[in-house]
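*Asks:* quick one: sequence and predicted model below, then my questions.
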Amino acid sequence: MNLSPGQLDTLFQALGDPTRRAILERLARGPATVTELAGPFDMALPSFLGHVRRLEGAGLVETSKQGRTRTVKLVPGAFTPVRSWLDEQRALWEGRLDRLDDYLTRLMKERADGS
């Protein structure tokens with residue numbers, strides 16, 4: 001994975017907010033206008049736009065403007081770096097747990113044989 005730690009931090013910070021995660025969940029069904037996205041949230045539009053900008057800054061969404069309407073959509077493959085990092089962590093911890101299991105199994109067998 002060719003992603004700097006700062007870029008990964010930016011992605012996780014963007015994903016760390018429940019409002020931004022809800023926006024991403026909605027966008028998984030397809031593009032939406034900012035007005036549509038903001039509807040379910042009890043916040044001023046400038047505050048909501050701050051969330052959209054944070055997602056855009058992390059490379060998770062793209063916005064486009066046609067007239068007075070701003071549309072937001074997910075960036076294809078934007079979650080790949082997060083998924084890759086999580087897959088690496090899972091492999092690391094599964095390996096560690098497998099080694100611990102092997103050690104404990106061997107230890108229990110040695111104790112049983114020594115009794």
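*Replies:* Perfect, I can see it now.

*Asks:* how about the contacts made by residue 53?
*Replies:* Residue 53 makes contact with no residue, according to C-beta atoms under 8 Å, 6 or more residues apart in numbering. Where C-beta positions appear, they are placed from N, C-alpha and C, glycine not excepted.

*Asks:* same check, this time on residue 29
*Replies:* Applying C-beta under 8 Å, 6+ apart to residue 29 gives no contacts.

*Asks:* what distance do you get for it to residue 110?
*Replies:* 56 Å (C-beta to C-beta, to the nearest Å).

*Asks:* same question, residue 33
*Replies:* Taking C-beta to C-beta, one finds residue 33 at 66 Å from residue 110.

*Asks:* and these two? Which one has more around it.
*Replies:* residue 33 (14 against 10; other C-beta atoms under 10 Å).

*Asks:* go ahead and flag the most central residue of the chain.
*Replies:* residue 15 (5.0 Å; C-alpha atoms, centre = their mean).

*Asks:* same for the helix or strand where residue 99 lies, what does it pack against?
*Replies:* Element membership for residue 99, per DSSP states H and E: helix 80-114. Packed against helix 80-114 by the contact rule (3 or more C-beta pairs under 8 Å, 6 or more residues apart in numbering; DSSP states H and E) you find helix 5-15.

*Asks:* ok, now how distant is residue 113 from residue 89?
*Replies:* Going from residue 113 to residue 89 by C-beta to C-beta gives 36 Å.

*Asks:* of the two, who's got more company?
*Replies:* More neighbours surround residue 89 than the other of residue 113 and residue 89, with 10 against 7 (other C-beta under 10 Å).

*Asks:* tell me the spacing between the more buried one and residue 109.
*Replies:* From residue 89 to residue 109 the distance is 30 Å (C-beta to C-beta).
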